[in-house]
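1. I'd like to go over a predicted model; first the sequence, then the structure.
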Amino acid sequence: MFKNYFAIALRNFWKQKTYTLLNISGLAIALATATLALLFIQHEFSYDGWIPNENNIYRVYRQWEPGGGTSYTPYLLAETLREEFPEIQSAVYATEYTELMVSTAEEREGMYISMASVDSSFLEVMPLPLKYGDPATALQNPHSMILSDDIAQQLYGDQNPVGEVLRENNETDYLITGVFAPFEGNTHFDVDMVGRDTASFFSTWTGNSPATYVALNPNTDVAALEKKITESINPRLQKELESFGASWDEFPEWKLQPIRDAHLNTVARIGGPFSEGRGDMRHVYIIGVVGLLMLVIASINYMNLATAQAARRAREVGVRKVNGATRSQLVFQFLAEAMLQCLLALPIAILLAELALPVFEQITNRELLLDVAALSRILPLLVAVVLGLGALSGSYPAFFLAAYRPTEVLKGKWLRRDRGKMLRQGMVVVQFAGAMVAAVVMTFIYQQVQYMQKQELGFQSEQVMVVRANTQQTYEKIQSLRSQLLQNSHVQAMTATSSLPGTGQPDYALKIGGVEQDKFVNIYFTDNDFAPALDLEVTEGRFLQPSDTTPNTFVVNEAFIKEYNIENPIGHALSFSGGNGESTGTIIGVVKDFNYRSLIREIEPLAFSGAIPQMRGGWTNMAAIRLSTTDLQSTIADVEKFWQQIEPAHPIRYSFLDDDFSQLYADQERLGQTLLWATILTLFVALLGLFGLASYMAEQRTKEIGVRKVLGATVQQITTLLSMDFLKIVLIAGVIATPIAFWLAQQWLTDFAYRTPITALPFLLAIVSAVVIAVITVGSRAIGAARANPAESLKSE
């Protein structure tokens with residue numbers, strides 16, 4: 001019996017090559033989209049689940065309000081948790097350094113790597129397996145390090161590097177005591193080396209830099225422990241603030257986040273260390289919905305294309321029923337055909353997914369593999385999708401065709417009824433409404449990104465070269481670089497600074513007139529050339545001068561003045577407190593507001609100080625060089641040459657400020673690209689369904705078309721008649737899509753402080769485009785039906 005079903009299915013496929021090709025094409029595209037979506041979702045949920053004892057490993061974070069928080073924590077926290085909380089087996093702090101240069105003894109010029117600076121408890125909390133070295137002693141001594149397997153291969157090849165010495169930033173020697181085994185999966189803790197720290201930079205509760213991880217005893221009541229930590233730590237924080245003469249109105253809750261949630265941050269939108277490449281649950285939802293939508297649309301297409309062939313299959317059904325076939329057998333036959341087409345589409349889908357993978361990787365900013373191992377991980381879900389798609393796609397045609405009565409079918413009476421018309425048209429409405437919603441939202445995303453990129457930022461961002469320093473000595477050498485570069489006519493200005501627009505800024509507790517303020521304030525530690533280098537406008541007083549190197553003079557922006565309602569700012573007393581104590585001074589100038597962060601946020605208070613060493617206890621980490629040239633490459637070469645003279649051991653690292661700032665909108669651009677491809681694929685597959693419905697309608701109205709032609713109707717009149725029904729379908733889809741797209745666009749734009757207005761144009765363009773594409777698609781089928789010889793359709797009358 002199954003052999004008979006299979007033979008009949010193949011015979012029908014061969015007879016209806018065009019419909020079979022359309023069906024398999026739509027199913028293959030949908031399955032390819034679903035394959036990529038499953039691959040991405042599996043990748044995002046795979047982070048840190050492979051780490052031994054991961055069920056008991058947590059990351060500490062501070063939360064002020066539901067849904068928000070930070071995983072920057074005090075250095076003192078890990079030691080306190082280890083010693084005072086019996087529920088905690090061990091705790092470790094980990095400070096992230098994203099760009100450190102290391103070199104071997106044989107090579108003076110090294111390579112830039114990322115590093116986690118930890119204490120000796122690291123492997124107790126995160127028992128990552130080692131390829132070389134002893135976990136019990138690997139981080140026992142200061143200045144010991146464990147390399148990732150990839151970096152060890154790059155530096156030492158296949159040899160065991162334990163016992164070798166690496167020099168960090170040409171200053172500090174680290175002894176290699178271990179090499180991690182290749183990680184079995186993805187991890188948010190993705191660094192090139194883990195090094196044993198010698199001491200905390202800040203022995204305070206208000207100096208927050210590292211992440212803190214804890215390993216709990218099994219079956220620990222996490223909620224009770226969080227409450228206990230909060231009640232223990234906040235009084236210490238309050239006591240330290242009081243020693244600075246400060247206070248907070250609200251203190252954070254200390255929370256524990258399972259390490260498996262650290263990548264997608266399903267507990268809270270946490271900022272903090274080790275967040276490079278951090279996932280976003282919203283992207284997972286969007287890509288998952290796109291994959292599901294494509295499957296539904298492809299299923300609808302199959303139904304429409306199958307019912308479009310009803311005239312050809314009806315007599316087959318009638319004959320088989322007369323010969324004794326039961327309804328269940330016919331239903332099974334049509335379901336088997338749908339399943340078989342899905343199975344035939346699957347290898348094509350995998351091939352399409354492999355071809356589309358590079359584009360998909362760019363959209364998602366992920367490195368994904370579609371190899372045998374990856375397919376084996378998603379295969380159970382993929383098989384379930386194929387079977388579900390086949391069952392869903394074949395269900396309606398199966399019951400629709402199997403319900404025909406043989407007496408009516410064999411007499412042709414079934415053509416007099418238009419069965420299921422509303423359902424089929426409704427399915428096409430859903431398809432086009434989905435495509436139009438995606439198109440409108442995608443348009444607003446692109447408009448918003450373009451709006452932010454073209455918005456006046458209030459500072460000079462073009463042709464500003466950003467060079468990153470490594471050490472305090474590098475900062476000191478920048479001064480000699482400045483004198484040489486300013487002799488170049490193509491260099492207008494140069495400044496050394498701790499931060500630039502688009503980068504992170506340290507923040508400090510603020511007191512105005514001795515009164516503690518609720519919010520922390522961002523501070524740029526820079527020099528007198530910052531304002532001319534970025535073309536900032538000073539509206540009151542003056543900017544920093546070379547003599548302003550002590551922590552008693554500050555320049556602030558206009559938002560600072562507005563936020564704290566300062567009427568006469570020049571000479572107004574301020575004090576900032578941080579990890580190294582409190583610094584008191586006065587305002588000497590005010591600069592016009594500029595967008596130093598993404599336009600997602602409003603301009604916030606900002607201060608400038610020239611007291612780099614005193615306030616930070618370290619060095620500025622970048623220089624901004626403002627260029628004025630059409631021969632950019634030649635000027636860059638000059639900068640590289642001068643850099644080589646002052647820092648031969650540290651290869652230059654540079655970028656351009658406008659490019660750095662544009663990276664703030666990379667997530668929005670990728671989301672726009674996702675919806676662009678979703679729109680294209682959804683519309684393409686929807687057009688296949690529209691073609692199927694047009695074919696069905698043309699077959700249903702064959703005799704009507706013949707009669708109209710005999711009575712003198714032209715091809716144009718018949719084409720218009722047939723197309724009007726579909727025009728109504730698309731317009732109804734537009735009416736349904738408009739409020740949905742408006743609500744989604746409005747919800748998305750509310751995240752931005754500066755946003756493009758919602759206008760009618762994207763909605764009109766989406767509807768008009770859908771109408772034009774639909775008319776072309778339907779028109780091509782309608783013209784064919786209108787040109788048919790009426791004698792053929794009326795010969796039996």
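-> On my side now, so go ahead.
2. What about P651, how many residues nearby?
-> A count of neighbours around P651, defined by other C-beta atoms under 10 Å, yields 14. C-beta coordinates here come from the backbone N, C-alpha and C atoms, glycine included.
3. What of L355?
-> When counting by other C-beta under 10 Å, one arrives at 11 neighbours for L355.
4. Could you do the one 4 residues further on as well?
-> Neighbour count for V359, taken as other C-beta under 10 Å: 12.
5. ok, the nearest residue in space to it that is not next to it in sequence to V290 distance?
-> Leaving out its chain neighbours, the residue that sits closest to V359 by C-beta to C-beta, 6 or more residues apart in numbering is W677, at 7.5 Å. Per C-beta to C-beta, to the nearest Å, W677 is found 8 Å from V290.
6. Neighbour count: those two, which is higher?
-> Each of W677 and V290 has its neighbours counted (other C-beta under 10 Å); V290 has more, 23 against 19.
7. Where does that one fall, secondary structure wise?
-> Assigned by DSSP states H and E, V290 falls within helix 281-308.
8. sorry, back to before: now the common contact residues for W677 and V290.
-> Taking C-beta atoms under 8 Å, 6 or more residues apart in numbering as the contact criterion, no residue touches both W677 and V290.
9. which SSE is the residue nearest to N301 when sequence neighbours are not counted in?
-> Excluding the flanking residues, the one nearest N301 by C-beta to C-beta, 6+ apart is G689, at 3.9 Å. Using DSSP H and E, G689 sits within helix 666-700.
10. May I see the buried residues of the helix holding V290?
-> Going by neighbour count (16 or more other C-beta atoms under 10 Å), the buried part of helix 281-308 is 283-284, 286-288, 290-291, 293-308.
11. what about the residue nearest to N301, how many neighbours?
-> 28.
12. ok, now which ones touch it?
-> With C-beta under 8 Å, 6+ apart, G689 has these contacts: G26, I297, I300, N301, N304, L305, M427, V428, Q431.
13. Pretty sure the first one sits in a helix.
-> When you say that, I think you mean G26. Yes - counting by DSSP: H, G, I helix; E, B strand; the rest coil, G26 is found in a helix.
14. If I look at it, what pLDDT would I see?
-> Looking at G26, its pLDDT reads 85.
15. go on, the fifth one?
-> For N304, the pLDDT comes out at 74.
16. Pretty sure it sits against A694.
-> No - look at N304 against A694 with C-beta atoms under 8 Å: they stay out of range, at 9.3 Å.
17. distance between the ends of stretch 698-705?
-> End-to-end span of stretch 698-705 (C-alpha to C-alpha, to the nearest Å): 8 Å.
18. what mean pLDDT would you report for the host helix or strand of L340?
-> Using DSSP H and E, L340 sits in helix 327-364. For helix 327-364, the mean pLDDT works out to 84.
19. Repeat that for stretch 747-764.
-> 88.
20. In that stretch, which residues are buried?
-> Judged by neighbour count using 16+ other C-beta under 10 Å, the buried positions of stretch 747-764 are W748, L749, F752, R755, T756, I758, P762, F763.
21. In helices, which of those fall?
-> If you go by DSSP state H, those have W748, L749, P762, F763 in helices.
22. of all those, which comes closest to M145?
-> Distance to M145 across those (C-beta to C-beta) is lowest for W748, with 44.1 Å.
23. Could you verify my assumption that that closest one touches V440?
-> No - contact criterion C-beta under 8 Å: W748 and V440 do not qualify, at 11.1 Å.
24. Alpha carbons only: can I get the strand or helix carrying Q89 in PDB?
-> With secondary structure defined by DSSP H and E, Q89 is part of strand 88-104. As requested, the backbone C-alpha atoms of strand 88-104 are provided in PDB (Å, rounded to 0.1, in the frame of the first residue of the first chain):
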ATOM      1  CA  ILE A  88      29.200  30.000  48.900                       C
ATOM      2  CA  GLN A  89      31.900  27.400  48.100                       C
ATOM      3  CA  SER A  90      34.200  30.000  46.500                       C
ATOM      4  CA  ALA A  91      34.200  33.400  44.800                       C
ATOM      5  CA  VAL A  92      36.500  35.200  42.400                       C
ATOM      6  CA  TYR A  93      36.700  38.600  40.800                       C
ATOM      7  CA  ALA A  94      37.700  39.000  37.200                       C
ATOM      8  CA  THR A  95      38.700  42.200  35.600                       C
ATOM      9  CA  GLU A  96      38.500  42.500  31.800                       C
ATOM     10  CA  TYR A  97      41.300  43.900  29.700                       C
ATOM     11  CA  THR A  98      40.400  43.900  26.000                       C
ATOM     12  CA  GLU A  99      43.600  45.000  24.300                       C
ATOM     13  CA  LEU A 100      46.800  44.000  26.000                       C
ATOM     14  CA  MET A 101      50.000  43.400  24.100                       C
ATOM     15  CA  VAL A 102      52.000  40.300  24.900                       C
ATOM     16  CA  SER A 103      55.300  39.200  23.400                       C
ATOM     17  CA  THR A 104      57.600  36.200  23.900                       C
END
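25. so what strands line up beside the next helix or strand after that strand?
-> Next along the chain after strand 88-104, taking DSSP H and E as the criterion, comes strand 111-118. In the sheet, strand 111-118 lines up against strand 88-104 (antiparallel), strand 193-196 (parallel) (DSSP bridges).
26. closest one to F444 among these?
-> Of all those, strand 88-104 comes closest under C-beta to C-beta, at 33.3 Å.
27. From the chain's centroid, how far away is the closest one?
-> Put simply, strand 88-104 sits 25 Å off its chain's centre (C-alpha atoms, centre = their mean, to the nearest Å).
28. mean confidence score for that strand?
-> Throughout strand 88-104, pLDDT has a mean value of 85.
29. Tell me the buried residues in it?
-> Using 16+ other C-beta under 10 Å as the test for burial, strand 88-104 gives 88-97, 100-104.
30. Could you give the separation of the helix or strand hosting A637 from the chain centroid?
-> Using DSSP H and E, the element containing A637 is helix 632-646. Remark: helix 632-646 is offset 35 Å from the chain centroid, using C-alpha atoms, centre = their mean.
31. Could you look up the SS state of T539?
-> Per three-state DSSP, T539 ends up strand.
32. Thought Q140 was touching L175, still the case?
-> No - taking contacts as C-beta under 8 Å, L175 lies outside contact range of Q140: 10.9 Å.
33. which one of those two has more residues nearby?
-> For L175 versus Q140, the count of surrounding residues by other C-beta under 10 Å is larger for L175: 16 against 11.
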